[in-house]
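Trainee: Whatever this is, show me its structure:
(one chain, ligands or ions: 2)
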Amino acid sequence: MQRILRNIGFEADLIRRASVCAYEAEMNVVMYGGKGEMVLQVNTDEIVLQVSDDGKGIEDIEAAFREGFSTALPEFREMGFGAGMGLPNIRKNADLLNVRSEPGKGTQLKIHFRLSEGA
Ligand SMILES: Nc1ncnc2c1ncn2[C@@H]1O[C@H](COP(=O)(O)OP(=O)(O)O)[C@@H](O)[C@H]1O
Ligand SMILES: [Mg+2]
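Mentor: Residues are numbered from 1 along each chain as shown. Ligands and ions are numbered 1, 2, ... in the order given. Coordinates of the predicted model:
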């Protein structure tokens, strides 16, 4: 994804922010999401990154966004994951974030990045 955005010619900071979000969202799909899909949409005024999965869903979205909150399994913690900073970091790096999640059904993140002139 980084390469795609670089080839289009977006500025480094935007690519960095989008990459952080994509990485964190992808890790969450791996750890909690089951089967997932990522869609990158480049519009004239914004980039939209959609990450959806059909995993167990998020019980309490507000809690999940708290820094340090994590339900990561020991096997992932041993690899250094589970700091509970993924969703807070996505929120910080996005211009707009929509979260839809249904316990038992899955989760969808819609992450927006505004494109300014010359971005
Ligand atoms: N796609 C997802 N499906 C189900 N639960 C999720 C998903 N993404 C995040 N969560 C829940 O939100 C918590 C916080 O996520 P995050 O901030 O990325 O921290 P971490 O991944 O380190 O636990 C996770 O521990 C998990 O309980
Ligand atoms: Mg995470």
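Trainee: Extract the C-alpha trace of stretch 111-119 and format it as CSV.
Mentor: Provided in CSV are the C-alpha atoms of stretch 111-119 (Å, rounded to 0.1, in the frame of the first residue of the first chain):
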residue,chain,number,x,y,z
ILE,A,111,-10.4,5.5,8.0
HIS,A,112,-10.4,8.8,6.1
PHE,A,113,-7.4,11.0,5.2
ARG,A,114,-8.1,14.4,3.7
LEU,A,115,-6.3,15.5,0.7
SER,A,116,-5.2,19.1,0.7
GLU,A,117,-3.9,21.0,-2.3
GLY,A,118,-0.6,19.6,-3.3
ALA,A,119,-0.8,16.6,-1.0
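Trainee: could you give the mean pLDDT of it?
Mentor: Stretch 111-119 shows a mean pLDDT of 85.
Trainee: So which bits of it are buried?
Mentor: Residues of stretch 111-119 classed as buried: 111, 112, 113, 115 (neighbour count, 16 or more other C-beta atoms under 10 Å). The C-beta positions use only the backbone N, C-alpha and C, and glycine is treated the same way.
Trainee: And residue 54, its phi and psi?
Mentor: Backbone dihedrals for residue 54, given as degrees, to the nearest 10, come out at phi -110, psi 40.
Trainee: Could I get the full set of strands for the chain?
Mentor: Remark: strands assigned in the chain by DSSP state E are 36-42, 46-53, 96-102, 106-114.
Trainee: In JSON lines, list those strands along with distance to residue 14.
Mentor: JSON lines is the format used below for these (distance: least, C-beta to C-beta, whole Å):
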{"stretch": "strand 36-42", "distance to residue 14": "11"}
{"stretch": "strand 46-53", "distance to residue 14": "8"}
{"stretch": "strand 96-102", "distance to residue 14": "14"}
{"stretch": "strand 106-114", "distance to residue 14": "6"}
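Trainee: Nearest residue to the residue positioned nearest the centre of the chain in space, please, no chain neighbours.
Mentor: With distances taken as C-alpha atoms, centre = their mean, residue 25 lies nearest the centre of the chain, 3.1 Å away. Computed as C-beta to C-beta, 6 or more residues apart in numbering, the closest residue to residue 25 that is not its neighbour in sequence is residue 51, at 4.0 Å.
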